[in-house]
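Asks: I would like to see how this sequence folds:
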Amino acid sequence: QVQLVESGGGLVQAGGSLRLSCAASGRTLMSYVMGWFRQAPGKEREFVAVINWSGSLTYYADSVKGRFTISRDNAKNTVYLQMNSLKSEDTAVYYCAADRRVGVPATGATYYDYWGQGTQVTVSS
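Replies: Got it, this is the predicted structure:
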């Protein structure tokens, strides 16, 4: 069993930056693919970014490409999402998730086995 806890959300002006963290307990994250998703009010949960176990492979949603960076520190059992040049449309609850499967990192939420409780990001324009 893996427990995931996100932190780092908050209120920021458009154009600003935030760094989200996702700390894991229970088991090491070293073998897991890790993803970030977000859900805005009235909308479905959507994929944001994913990283493979070693950090050598990352993939981003088109809406955040070039602005967000996903990374991980397996020694600290933590995954990060650096968010720059934030826009009002980035406002959402952000969730990290862990995928136990070995293979190509997935962008679909149904592939993920463990989820955090989410952290609110609000971008004011």
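Asks: contact partners of stretch 33-47?
Replies: By CB atoms under 8 Å, 6 or more residues apart in numbering, the residues outside stretch 33-47 that reach it are 20, 22, 48-53, 61, 70, 72, 79, 81, 89-99, 101, 105-109, 112, 118, 121. From N, CA and C alone the C-beta is placed, and that goes for glycine too.
Asks: Return the members of those classed as buried.
Replies: Buried members of those, counted by 16 or more other CB atoms under 10 Å: 20, 22, 48-53, 61, 70, 72, 79, 81, 90-99, 105-107, 109, 112, 118, 121.
Asks: Go through the contacts of stretch 33-47 and flag which are in strands.
Replies: Residues of the contacts of stretch 33-47 located in strands (DSSP state E): 20, 22, 48-51, 70, 72, 79, 81, 92-99, 121.
Asks: Just grab the bridge partners of Gly10 for me.
Replies: Val121 (DSSP bridges).
Asks: At the geometric centre of the protein, which residue do we find?
Replies: Nearest to the geometric centre of the chain sits Trp36, at 2.3 Å (CA atoms, centre = their mean).
Asks: residue contacts, Leu4?
Replies: 22-24, 96-98, 114-116.
Asks: okay, who's weakest in those by pLDDT?
Replies: pLDDT across these is lowest for Ala24, at 92.
Asks: Quick check: nearest residue in space to it, chain neighbours excluded?
Replies: Asn77 (4.6 Å; CB to CB, 6 or more residues apart in numbering).
Asks: what sits against the one you found?
Replies: Asn77 makes contacts with 23-25, 28-29, as judged by CB under 8 Å, 6+ apart.
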